[in-house]
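**Q** Just to be clear, the model below is a prediction. Sequence and coordinates:
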Amino acid sequence: MSVTTNMPQALCELPEGMEYIPNPVEEFIRTDRMPHIWCPGCGIGTTVNCFARALHNAKVNLDNVVVVSGIGCTGRVAGYVELDSFHTTHGRAIPFATGLKLANPKLTVVVYSGDGDLAAIGGNHFIHAARRNMDLKIICVNNFTYGMTGGQAGPTTPGTAITTTTPYGCYEEPFNLPYLAESCGAVYVARWTAFHVRQITHAMTEALKKKGFTFIEILSPCPTLYLRRNKLGEGLDMMNYFKEASVIKPGANTKEVALSYQGPIIVGKFVDVERPTFLEMMNQQVQRTLHAQYTGCADDHVRS
Amino acid sequence: MKADPSGVLTGIHFLDGDQACCEGALAAGCRFAAGYPITPSTEVVERFAQRVPQLGGMFIQMEDELASSIAIQGAVWAGAKAFTVTSGPGFSLMMEHIGYAAMTETPCVFVNVQRGGPSTGLPTLPAQADMMQARWGSHGDYEAISVCPNSPQEAFDLTIEAFNLSEKYRVPVMVMMDECVGHMTEKVVVPPASEIEITPRRFTNLKPGEYLPYRAEADGVPDFARAGEGYHFHISGVTHDERGYVAANAATQQKLVRRLVDKIRSRVDEIVRYEETFVEDAEIVLVAYGITARVALRAVQMAREQGIRAGLLRPLVVWPFPEKPIRELAQRAGMSGFVVPELNLGQIVHEVERCVAGRVPTRLVPHAGGTVHRPEEILEAIVEVARGEKKTAVEPCPAGVGR
């Protein structure tokens, strides 16, 4: 029978008489790239599913949405979304996205990457984009480790966890990412886990509609590396932990939402404030000085 | 097409090389720059920051050179012409993104106003010691283009040329200035916009669904699409197929990287540019570029006064290297040798030696930077080569260098 999907044929061969009903998220996903590279039990795909639903819910023009990723497991998200998408260099998704947004302010620019990419090698860009209130939607999947390179310790690895580079247990203080984002100037900060699919979808929908630097942290299981080395079971066990240990505290003081090894997880929307964006500030300031000589950069002049 | 007159400051000016470079970028249609302050290049973006808001464009001062060198590429994919400007330490930080531009075929321009190195080196003093870095600095196989102006006028002209070359071949192009050219002030003639030739970006005519971002046209260069126009394309620095999809395997690597390299190597004759002075009857040919070419020309005149038939071959495009004219000169009857003065301890001389292939002697006149050569030092080398005095090409720094 004929199947109207780009999905590789082997993945959607149906027994005689059965009808193919496309998944509602299919139009947002490059189905011709399935199967994806993520491990069974990994939470990144779950977040992409939520993102697809958020794009649907936010009713944005998909031609104007661009996804920019860095390097790593989450860095592969850009390759799977049916949008203009850029897989950039390690840590530099935010400055690439900055150039893209400034040269065409009509775009909704989403930065979708991992904790190592955004908070370690890309940490400097993260703090400055937040400071400037650059209009970027940051989605950070935090799986507590470097998955793509085999499970090394990262800036979010919680104390005492075993990784390939902390074989005797981690002993560094991990980043409290919501606190970092808020203190640098993010206008929207939320944290959820891969268990909270409805809340993630809702948060992503809100972020897509909000102007300014928004930050959503999503905790996600890495069964192949982080869970296995720490004998924490499989993806499902981590989902159970997320379910049991999560405490929903909307508006919580981000100073108090730090994570610990297998400890409680404060989740919720912590920050939702208004602040002028980089482009608004720039246009206002230059206008004030140049008056009529300033035609504004937020139009087609920048583009050739 | 001709330049957009709004960005062209037509007239006769008294500008330094940095300012002239900025005017070249504006004349070329560049309306986006990202940069981080670094001596001796900062004047380029200072002028840009002042000029471009009145032309509908923008400058953003990023948090470092890593950010600057990738922010410009984001802007390019939104449709802008964009450049960044730096000097040695910043150029080192930009290397990964020169590779990203080469791999993703992002047309953009990197200006390096060279100063003494390594490391912090001589922030306010000249050198030409980043020439090999411009050629080989990013990891992996790729071909980029470098131009090398020797005056503020050329800083203007060759910056326009850099943008044009980057659009034509979709490669990163380096403008390799030096502190002397960057900070010397001379007459710069900015012609009317109608006399400035601009290479426009080659946007695809295909519809979404038909367009593949990395299907090369007959010239080996794919057509471009902007983000935000419904193409839903994917761009990656990972080895990719014509769809832009990640395909990290040997067969795709062969096809992609060979094309990236061949689109330049197969058209070297179109790209190379050099100027010959007194070369027709020369027995000794100097190969020099940037500020050193001006000192070398004085040495050529001094040699001629002594009856030595010296000439100067000056590459304006240094990469790809003008191999053919040097090979031909090396085989010409009556040639006694080549002399290569440069503000480093031996970089471009290796290219000259490779082309000369031992047919005649090649003599380096090294200099560690901080100032320029004295014409007498270069003359001394010319006289020695003319007399057939043997010295190895790469020799210890002679006394007097660096004074």
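**A** Thanks, I have the structure now.
**Q** Chain B - how does it break down into domains?
**A** Chain B is divided into the following domains under automatic domain parsing: B:5-195, B:275-387.
**Q** Now the terminal residues of the shortest one, how far apart.
**A** It stands for domain B:275-387. Taking Cα to Cα, to the nearest Å, domain B:275-387 runs 26 Å from one end to the other.
**Q** Tell me, how many residues neighbour B:Gln54?
**A** Neighbour count for B:Gln54, taken as other Cβ atoms under 10 Å in any protein chain shown: 14. Where C-beta positions appear, they are placed from N, C-alpha and C, glycine not excepted.
**Q** Is it in contact with A:Ala292, as I believe?
**A** No - assessed by Cβ atoms under 8 Å, B:Gln54 is found out of contact with A:Ala292, at 10.3 Å.
**Q** quick one: the helices in chain A?
**A** With helices called from DSSP state H, chain A shows them at A:44-58, A:93-103, A:115, A:123-132, A:177-184, A:197-209, A:228-229, A:235-245, A:278-290.
**Q** counting contacts, what elements does the third one pack onto?
**A** The reference is to helix A:115. strand A:136-142 (3 or more Cβ pairs under 8 Å, 6 or more residues apart in numbering or on different chains; DSSP states H and E).
**Q** For beta bridges, what are the partners of B:Val109?
**A** Beta-bridge partners for B:Val109, by DSSP bridges, are B:Phe83, B:Val173.
**Q** contacting residues for it?
**A** Counting by Cβ atoms under 8 Å, 6 or more residues apart in numbering or on different chains, B:Val109 makes contact with B:25, B:30, B:82-84, B:159, B:162-163, B:166, B:172-175.
**Q** State the number of residues packed around B:Ala251.
**A** 10.
**Q** whoops, B:Phe32 was the one
**A** B:Phe32, neighbours per other Cβ under 10 Å, totals 32.
**Q** quick one on the thing from earlier: need the helices of chain A in JSON lines (columns: distance to B:Glu43, mean pLDDT and mean neighbour count).
**A** As requested, those are arranged in JSON lines below (distance: least, Cβ to Cβ, whole Å; pLDDT from 0 to 100; neighbours: other Cβ atoms under 10 Å in any protein chain shown):
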{"stretch": "helix A:44-58", "distance to B:Glu43": "44", "mean pLDDT": "97", "mean neighbour count": "22"}
{"stretch": "helix A:93-103", "distance to B:Glu43": "22", "mean pLDDT": "98", "mean neighbour count": "31"}
{"stretch": "helix A:115", "distance to B:Glu43": "40", "mean pLDDT": "98", "mean neighbour count": "27"}
{"stretch": "helix A:123-132", "distance to B:Glu43": "24", "mean pLDDT": "98", "mean neighbour count": "22"}
{"stretch": "helix A:177-184", "distance to B:Glu43": "31", "mean pLDDT": "98", "mean neighbour count": "22"}
{"stretch": "helix A:197-209", "distance to B:Glu43": "40", "mean pLDDT": "98", "mean neighbour count": "21"}
{"stretch": "helix A:228-229", "distance to B:Glu43": "53", "mean pLDDT": "97", "mean neighbour count": "16"}
{"stretch": "helix A:235-245", "distance to B:Glu43": "54", "mean pLDDT": "98", "mean neighbour count": "16"}
{"stretch": "helix A:278-290", "distance to B:Glu43": "20", "mean pLDDT": "95", "mean neighbour count": "15"}
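**Q** Include distance to B:Gln301 when you put these into JSON lines, please.
**A** Output for the helices of chain A, formatted as JSON lines (distance: least, Cβ to Cβ, whole Å):
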{"stretch": "helix A:44-58", "distance to B:Gln301": "68"}
{"stretch": "helix A:93-103", "distance to B:Gln301": "47"}
{"stretch": "helix A:115", "distance to B:Gln301": "64"}
{"stretch": "helix A:123-132", "distance to B:Gln301": "51"}
{"stretch": "helix A:177-184", "distance to B:Gln301": "60"}
{"stretch": "helix A:197-209", "distance to B:Gln301": "68"}
{"stretch": "helix A:228-229", "distance to B:Gln301": "72"}
{"stretch": "helix A:235-245", "distance to B:Gln301": "77"}
{"stretch": "helix A:278-290", "distance to B:Gln301": "49"}
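**Q** Out of the ones you listed, which is closest to A:Ile266?
**A** helix A:177-184 (8.6 Å; Cβ to Cβ).
**Q** Who are the packing partners of that closest one?
**A** helix A:123-132, strand A:136-142, strand A:188-193, strand A:214-219, strand A:265-272.
**Q** was I right about B:Ala357 contacting B:Leu329?
**A** No - applying Cβ under 8 Å as the test, B:Ala357 and B:Leu329 come out as separate, 12.0 Å apart.
**Q** Quick check: which of the domains of chain B has the most neighbours on average?
**A** Neighbour counts (mean count of other Cβ atoms under 10 Å in any protein chain shown) averaged over each of the domains of chain B peak at domain B:5-195, with a mean of 23.
**Q** what's the first-to-last distance across that domain?
**A** Where domain B:5-195 begins and where it ends lie 10 Å apart, using Cα to Cα.
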